[in-house]
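1. Below is the structure, and that's it, no one-letter string:
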């Protein structure tokens, strides 16, 4: 599961940059407007990371990871549908919550690798 979470964060954070010209062309908007599909993901991730890390601290880690992954799935479906730039930005914003899973993955690895001390 930790490998999946790491791959998810890597794809979400790096997928937007090469696609910006194609997004601008497909939605008939300027490149500057299309860049919001990348910017919103990073801004939401920066805000969500400490919040999700705090919510997932302790015994609620599994529940928080599952809820965040469900929201990321919803954002992925929303971003994949041809609904326009606004919906794409909203979907990418929901995907940005996935960036907050990194501290939970690190904490899970630390717990699993520490064993009984």
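-> Perfect, I can see it now. All values reported here derive from a predicted model rather than from experimental measurement.

2. Give me the below-cutoff pLDDT ranges for the protein.
-> 115-117 (pLDDT under 70).

3. Swap in 50 and give it another go.
-> Judged by pLDDT under 50, the chain has no weakly predicted residues.

4. Which other helices and strands does the helix or strand where residue 7 lies contact?
-> If you go by DSSP states H and E, residue 7 is part of helix 2-14. Contact partners of helix 2-14 among helices and strands, from 3 or more CB pairs under 8 Å, 6 or more residues apart in numbering; DSSP states H and E: helix 36-55, helix 61-80, helix 102-114. Any C-beta I mention is one placed from the backbone N, CA and C, and that applies to glycine too.

5. gap between that helix and the chain center?
-> 8 Å (CA atoms, centre = their mean, to the nearest Å).

6. In it, which residues have enough neighbours to count as buried?
-> Going by neighbour count (16 or more other CB atoms under 10 Å), the buried part of helix 2-14 is 5, 8, 9, 12, 13.

7. For the fourth one, list the residues it contacts.
-> Going back to what we said before, that points to residue 12. Residue 12 makes contacts with 41, 45, 72, 95, 96, 98, 99, as judged by CB atoms under 8 Å, 6 or more residues apart in numbering.

8. just to revisit the earlier point, ok, which of the helices and strands packed on helix 2-14 comes nearest residue 87?
-> Taking CB to CB, helix 61-80 is the member of those nearest to residue 87, at 5.9 Å.

9. So which residues make contact with stretch 34-54?
-> 12-13, 16-17, 19-21, 23-24, 27, 64, 68, 79, 85, 88-89, 92-104, 107.

10. Count the residues that sit near the nearest residue to residue 55 once chain neighbours are set aside.
-> Spatial nearest neighbour of residue 55, chain neighbours left out: residue 64 (5.0 Å); criterion: CB to CB, 6 or more residues apart in numbering. As a burial measure, residue 64 scores 20 neighbours (other CB atoms under 10 Å).
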